[in-house]
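Undergrad: predicted model, plus sequence, below.
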Amino acid sequence: MTDSATADLSPPDLSGSAPTELPQGLDVLLIDGVLSAATGGGTFETLNPATEQVLGVAADATAADMDAAIGAARRAFDESDWSTDPAFRARCLRQLRDALQSEGSALRALTTAEVGAPAFLTSGPQFDTPVEDLGYYADLAENYDGWKVDLGDRVSVGVPTHRQVWREAAGVVGAITPWNFPHQINLAKLGPALAAGCTVVLKPAPDTPWCASAMARIAAEQTDLPPGVLNVVTSSDHSLGAQLSGDSRVDVVSFTGSTATGRAVMRSAAENITKVFLELGGKSAFVILDDADVASAATMAGFMAATHAGQGCAITTRLLVPRSMHDEVVEAAAATMASLAAGDPTDPGTICGPVISERQRDRIEGYLRSAIDEGGSFACGGGRSERFEHGWFIDPTLVVGLDNSSTVAREEIFGPVLTVMAHDGDDDAVAIANDSPFGLSGAIFSGDEDRALAVASQIRTGTLSINGGVWYSADVPFGGYKQSGIGREMGVAGFEEYLETKSIAIAR
Ligand code: NAD
């Protein structure tokens, strides 16, 4: 997930706070409270996408390690009082927040090195904000007013009855996460799951194992989290994710990743009717209405598409503009995107860093070739950056001359690629925005707030930014309509994903 639009496009000045040293000792798993090597000692390399250099190795867990982690989480849930002690849970979450913050300098450096995340994002959604948000979940554990709801007396089917509705921790959570915002996504699962009283097995993406193992080391060494409550299993093998989602000892599978993998997760969870929570892909529309401030709308659209090289599921990647304003918007958006050429992510001024891997770069280039093959052209960018000898850099690219049936308008690219298309009024814009298998996010620019809200009410999507409003916040639910997912992360709705409901009826 990424931050939504903001009015100020200039990156913060990070000079003076530039981190230098990475955390050490990250080739470990966390299972049952113990930091250990993988069974058999297997490891795999984690790379810096800006340099292609090997940062070091992570523990390459086996199926036996995953089995042990699930067993530990099951025992911790069933045999300890973790799930019934919200004050203790809140304390542990605040300890984790404080410890992560105290190591913030090294962890921000790690995030830039391993994810290729531009440094300016690490003081926001790539690190600082999700860490701070652990405090929100700690507060929820203590103050949630839905643990026991009294419905009072009623004669039900002839029996005078006093009724209560209890909410209880759902059990063992299998958390499976992607690489694009690893801290944000890992913590947006652990925070509410632990606050709710669940125990967790986290399986992070193979591209960013160290972001998770650094958090695991800190949790093990600097918090009172009991053994088994939080387990972190890094692996180069996707099949460990399938193992986790198909294990009958897991009560909730909380998955963020591509829609294709989400389908596989749902299929394996179906075997045990395990509850699934899915945050999947997006192809969100940025809609400019004909009364909008064109210059700021086009600038914002270009900025959003370039941020973190477009590797955000909620990034708006289809730009819908009034036909009469098409050329003006293209010119302004292309100027913005050209000014945000791919750059060194450690530079505080960089907005567009590298993409995560060679495979991802090749995939994006394939989409750019499809745009040309289908009759489109580029108003700026168009492929890999020529400024770098090493690293996987793609320059921000504005695609013109295609309609909403084109491949680049239909499929999630996960690169800095924005496709601009003309619309013929508000109804047409809504129709194009909704003509997508996805429904994750979106943006509307208009001089008339009521008009923008009327358009918002017709777009089938989980979050919408109007005139640059920012929805990313711990108390705001985030998630998708249609093939963008099931359920909501963050906010009270996100916390309740990790609860079960028990109804009690007492004869009076
Ligand atoms: P991915 O789907 O390839 O992998 C995500 C995770 O699933 C990884 O940990 C991977 O090892 C694991 N996995 C792979 N196969 C599995 C299987 N069969 N069963 C269980 N787990 C399996 O995604 P990615 O390439 O790491 O990340 C990019 C995708 O994530 C994009 O599609 C993006 O839109 C999506 N994403 C969505 C959100 C959101 O909140 N909606 C946020 C960030 C990223």
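TA: Structure's in. What do you need?

Undergrad: please list the residues of the stretch 101-250 of the chain that sit near the ligand.
TA: 176-180, 185, 203-206, 238, 241-242, 245 (Cβ under 6 Å from any ligand atom). For glycine as for every other residue, the C-beta is placed from the backbone atoms N, C-alpha and C.

Undergrad: closest to residue 423 among those?
TA: residue 180 (29.0 Å; Cβ to Cβ).

Undergrad: so the closest one makes contact with residue 314?
TA: No: with contact defined as Cβ atoms under 8 Å, residue 180 does not reach residue 314; the gap is 10.5 Å.

Undergrad: and the strands in the stretch 151-300 of the chain, which stretches?
TA: Listed in chain order, the strands of the stretch 151-300 of the chain (DSSP state E, counting those that start in this stretch) span 159-169, 172-176, 199-203, 230-232, 252-256, 275-279, 284-288.

Undergrad: buried sites along the helix or strand encompassing residue 67?
TA: Element membership of residue 67, judged by DSSP states H and E, is helix 63-79. Neighbour counts over helix 63-79 (16 or more other Cβ atoms under 10 Å) mark 65-77 as buried.

Undergrad: redo those as JSON lines? Include distance to residue 371 and pLDDT.
TA: JSON lines is the format used below for the buried residues of helix 63-79 (distance: Cβ to Cβ, whole Å; pLDDT from 0 to 100):
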{"residue": "65", "distance to residue 371": "43", "pLDDT": "98"}
{"residue": "66", "distance to residue 371": "40", "pLDDT": "98"}
{"residue": "67", "distance to residue 371": "45", "pLDDT": "98"}
{"residue": "68", "distance to residue 371": "47", "pLDDT": "98"}
{"residue": "69", "distance to residue 371": "43", "pLDDT": "99"}
{"residue": "70", "distance to residue 371": "44", "pLDDT": "99"}
{"residue": "71", "distance to residue 371": "49", "pLDDT": "99"}
{"residue": "72", "distance to residue 371": "48", "pLDDT": "99"}
{"residue": "73", "distance to residue 371": "45", "pLDDT": "99"}
{"residue": "74", "distance to residue 371": "49", "pLDDT": "99"}
{"residue": "75", "distance to residue 371": "53", "pLDDT": "98"}
{"residue": "76", "distance to residue 371": "50", "pLDDT": "98"}
{"residue": "77", "distance to residue 371": "49", "pLDDT": "98"}
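
Undergrad: among these, which one lies nearest to residue 504?
TA: The shortest approach to residue 504 among the buried residues of helix 63-79 belongs to residue 77, at 21.3 Å (Cβ to Cβ).

Undergrad: tell me the spacing between that closest one and the ligand.
TA: From residue 77 across to the ligand, the span is 21 Å (Cβ to the nearest ligand atom, to the nearest Å).

Undergrad: give me the nearest residue to that residue, chain neighbours excluded.
TA: residue 199 (4.5 Å; Cβ to Cβ, 6 or more residues apart in numbering).

Undergrad: who does the one you found bridge with?
TA: Under the criterion DSSP bridges, residue 199 forms beta bridges with residue 172.

Undergrad: still on that earlier bit, relative to strand 172-176, how tilted is the helix holding residue 67?
TA: 140 degrees (axes from the mean of the first three to the mean of the last three Cα atoms, to 10 degrees).

Undergrad: what's in contact with whatever helix or strand comes next after helix 63-79?
TA: Sequence-wise, the next helix or strand downstream of helix 63-79 (DSSP H and E) is helix 86-102. Residues outside helix 86-102 that contact it (Cβ atoms under 8 Å, 6 or more residues apart in numbering) are 82, 107, 131-132, 134-135, 137-139, 141-142, 144, 147, 191, 194-195, 197, 215, 218-219, 222-225, 229.

Undergrad: counting by contacts, list what the next helix-or-strand element following helix 86-102 packs against.
TA: For helix 86-102, the succeeding helix or strand toward the C-terminus, using DSSP H and E, is helix 104-115. Applying 3 or more Cβ pairs under 8 Å, 6 or more residues apart in numbering; DSSP states H and E, one finds that helix 104-115 makes contact with helix 119-122, helix 128-132, helix 182-196, helix 209-222.

Undergrad: what's the closest residue to residue 420 other than its chain neighbours in contact with, if anything?
TA: Distances taken as Cβ to Cβ, 6+ apart put residue 319 closest to residue 420, at 4.4 Å, once the chain neighbours are dropped. Applying Cβ under 8 Å, 6+ apart, we find residue 319 in contact with 285, 286, 288, 301, 305, 329, 333, 418, 419, 420, 421.

Undergrad: so which of those are in strands?
TA: 285, 286, 288, 418, 419, 420, 421 (DSSP state E).
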